[in-house]
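Asks: Take this sequence and fold it.
(2 chains)
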2 protein chains.
Amino acid sequence: MKEADLHLYDQLLELSLFQGMSRSDLAQIAGHSKIRFDKHLNGDTIAKAGEPCHDMVFLTNGRAQVVTTAYDNSYMVEEYVSAPYIIEPEHLFGLSQVFASTYTAMEACNIMALSKEEILKLADTHLIFRLNLLNNYTTIIHKKENATWRTAPESMEQRIGQWILAHCKRPAGEKHIKIKMETLAKELNDSRLDVSKALNNMKAEGKIMLTRGMIHVPHAERI
Amino acid sequence: MKEADLHLYDQLLELSLFQGMSRSDLAQIAGHSKIRFDKHLNGDTIAKAGEPCHDMVFLTNGRAQVVTTAYDNSYMVEEYVSAPYIIEPEHLFGLSQVFASTYTAMEACNIMALSKEEILKLADTHLIFRLNLLNNYTTIIHKKENATWRTAPESMEQRIGQWILAHCKRPAGEKHIKIKMETLAKELNDSRLDVSKALNNMKAEGKIMLTRGMIHVPHAERI
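Replies: So this is what the prediction gives:
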């Protein structure tokens, strides 16, 4: 077993999809699956919103910017992901088999891609992978259900925080939201003035920074 | 093959989870899986919110009432499902392996239950079942994503309609929502007066009926 392989296996084992698998399972997968390896340079597009998602794409090295845009283009959310990370595994199946966001390399990135057919084969041959895949998808559903049925926030600041988190892939890290005050007010069913006041309170508390048409969140986990 | 079996197979084939399977696939499943069959009388509880979801429960005959309650008990949604229907397949895996709602038989009901282990076996032996299961779960995710990224509603009436649908299992049929005007106003970030006006407009349009603390929706598909 090469050192590079060992490093890759360690990374994969950090992902919930491979949790509980052994190195020998992974070696077997590596030996029996058709895996595509790609390198992307800084600025390269790794995956583009709206394009078909035929493969499960693993970011095995590097850091990428993620940009998601509202359907009517009225706002845009920018965030960052680091290896090891799986790019939208939930879009390999179901109603919408296209990427929801655009992923751009922010440094030299390595990816590993397995086709849908290979993923279905893995789910066939490895019970633990099958279980991880099903747990992964249903957990996304449960988190979204929790958001629907929990108590509505008391303050406008909390509403804004909740709205931002609902539009992020990860509930942590740096985020930049390009949105007009009017659009956010419409999203939250409130007045431009109330939204502006709440944003300025959040700014005073050090939770966000504001520039023209942009909300910057240094640490989404503290919002 | 018995007539009752044929009827059961026809029903199962109507469910997205069994789509594309043949009668011989289903006969094989029936012959090789441990299936529990149960009868419930009018008024019996079929599944209870908060109780562990160990089995995939198929309602194969009859009609059931579904009640879901907000986490803080501030509101409650009542709706109805008819056979063939699968009771919360998405809670067999993942973060929250308990039923989210309570299902009560409204007439004599038959159910068929397969344990999680049996479902994992089916997903192993039948590619099409594996694919249907994954498509089923990811489709739920995509519908919830669509709700997050689509354009915010223009009117308060539309906001109320969207809120009601977000809290229903099925986007059609009869619903009864037990909620105080103040609670709905808080959920929607609006004033009690605006919510009351919008509800009365919806009532005038024949979309809902109102009684003390209750919103009745005769046809959710028209809301």
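
Asks: Going by C-alpha atoms from here, please, whenever you check contacts or count neighbours.
Replies: OK.

Asks: Can you tell me how far the residue most central in space within chain A is from chain B?
Replies: Within chain A, one residue has its C-alpha closest to the average C-alpha position: by Cα atoms, centre = their mean, that is A:K169, at 3.4 Å. Shown here: A:K169 relative to chain B, a distance of 11 Å by Cα to the nearest Cα, to the nearest Å.

Asks: pLDDT value on that residue, please?
Replies: Looking at A:K169, its pLDDT reads 96.

Asks: Could you report the distance from it to B:E90?
Replies: Counting by Cα to Cα, to the nearest Å, the gap between A:K169 and B:E90 amounts to 21 Å.

Asks: ok, now A:K186?
Replies: A:K186 sits at a distance of 32 Å from B:E90 (criterion: Cα to Cα).

Asks: quick one, which of the two is more surrounded?
Replies: When A:K186 and B:E90 are compared on other Cα atoms under 10 Å in any protein chain shown, the one with more neighbours turns out to be B:E90, at 25 against 17.

Asks: Give the full set of residues in contact with the nearest residue to A:A64 once chain neighbours are set aside.
Replies: What sits nearest to A:A64 in space, not counting adjacent residues and going by Cα to Cα, 6 or more residues apart in numbering or on different chains, is A:A105, at 4.4 Å. Residues touching A:A105, when contacts are defined by Cα atoms under 8 Å, 6 or more residues apart in numbering or on different chains, comprise A:40-46, A:62-65.

Asks: ok, how many other residues are close to A:T104?
Replies: Other residues near A:T104 number 22, with proximity taken as other Cα under 10 Å.

Asks: quick one: which of the contacts of A:A105 is nearest to chain B?
Replies: The closest of the contacts of A:A105 to chain B turns out to be A:Q65 (Cα to the nearest Cα; 18.9 Å).

Asks: before we move on, which element is the closest one in?
Replies: Assigned by DSSP states H and E, A:Q65 falls within strand A:63-69.

Asks: Beyond that strand, next helix or strand please.
Replies: The element immediately downstream of strand A:63-69 (helix or strand, assigned by DSSP H and E) is strand A:75-82.

Asks: Give the other helices and strands that the next helix or strand after that next one contacts.
Replies: Downstream of strand A:75-82, the first helix or strand assigned by DSSP H and E is strand A:85-87. Counting contacts by 3 or more Cα pairs under 8 Å, 6 or more residues apart in numbering or on different chains; DSSP states H and E, strand A:85-87 packs against strand A:55-61.

Asks: can you tell if the strand it packs on touches chain B?
Replies: No - under the criterion of Cα under 8 Å from any Cα of the partner chain, chain B is not reached by strand A:55-61; the shortest gap measures 13.6 Å.

Asks: Which residues does that strand contact?
Replies: Counting by Cα under 8 Å, 6+ apart, strand A:55-61 makes contact with A:8, A:11-12, A:82-89, A:92, A:108-116, A:119, all of which sit outside it.

Asks: what about the strands in chain A?
Replies: Listed in chain order, the strands of chain A (DSSP state E) span A:35-40, A:45-47, A:55-61, A:63-69, A:75-82, A:85-87, A:102-105, A:109-115, A:175-179, A:209-211, A:214-217.

Asks: closest to B:Q97 out of those strands?
Replies: Proximity of the strands of chain A to B:Q97 was assessed by Cα to Cα; the nearest stretch is strand A:85-87, lying at 24.0 Å.

Asks: Quick one: neighbours of the residue lying closest to A:R23 once chain neighbours are set aside, just the number.
Replies: The spatial neighbour of A:R23 that comes closest, neighbours along the chain excluded (Cα to Cα, 6+ apart), is A:Y9 at 6.6 Å. Using other Cα under 10 Å as the criterion, A:Y9 is surrounded by 21 other residues.

Asks: my read: A:N110 touches A:G62, true?
Replies: Yes - with contact taken as Cα atoms under 8 Å, A:N110 and A:G62 are classed as touching, separated by 6.7 Å.

Asks: Could you report the neighbour count for A:R212?
Replies: For A:R212, the tally of surrounding residues (other Cα under 10 Å) stands at 9.

Asks: what's the answer for the one 10 residues further on, then?
Replies: Residues near A:R222, counting by other Cα under 10 Å, number 13.

Asks: Ramachandran coordinates for the nearest residue to it once chain neighbours are set aside?
Replies: On the basis of Cα to Cα, 6+ apart, the spatially nearest residue to A:R222 that is not a chain neighbour turns out to be A:K207, at 6.8 Å. Here is the backbone geometry of A:K207 (degrees, to the nearest 10): phi -80, psi -30.

Asks: ok so, going back, for the strands of chain A, which one sits closest to B:M202?
Replies: Evaluated with Cα to Cα, these place strand A:75-82 nearest to B:M202, the distance being 30.2 Å.

Asks: so what's A:L133 scoring on pLDDT?
Replies: Turning to A:L133, the model gives it a pLDDT of 97.

Asks: what residues are up against it?
Replies: A:17, A:123.

Asks: what's the answer for A:V217, then?
Replies: Under the criterion of Cα under 8 Å, 6+ apart, the neighbours of A:V217 are A:174-176, A:207-209, A:223.

Asks: Just the CA atoms of the longest helix along chain A, as CSV, please.
Replies: Residue-count comparison of every helix in chain A, with assignments taken from DSSP state H, identifies helix A:127-149 as the longest. Listed next in CSV are the C-alpha coordinates belonging to helix A:127-149 (Å, rounded to 0.1, in the frame of the first residue of the first chain):
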residue,chain,number,x,y,z
LEU,A,127,-23.7,-3.1,3.6
ILE,A,128,-22.0,-0.4,5.6
PHE,A,129,-21.8,1.9,2.6
ARG,A,130,-25.5,1.2,1.8
LEU,A,131,-26.4,2.1,5.3
ASN,A,132,-24.2,5.2,5.4
LEU,A,133,-25.7,6.4,2.1
LEU,A,134,-29.3,6.0,3.4
ASN,A,135,-28.4,7.6,6.8
ASN,A,136,-26.7,10.4,5.0
TYR,A,137,-29.7,11.3,2.9
THR,A,138,-32.3,10.8,5.6
THR,A,139,-30.3,13.0,8.0
ILE,A,140,-30.5,15.8,5.6
ILE,A,141,-34.3,15.4,5.5
HIS,A,142,-34.5,15.3,9.3
LYS,A,143,-32.4,18.5,9.7
LYS,A,144,-34.8,20.3,7.3
GLU,A,145,-37.8,18.9,9.1
ASN,A,146,-36.4,20.2,12.4
ALA,A,147,-36.2,23.7,10.9
THR,A,148,-39.9,23.4,9.8
TRP,A,149,-41.4,22.3,13.2
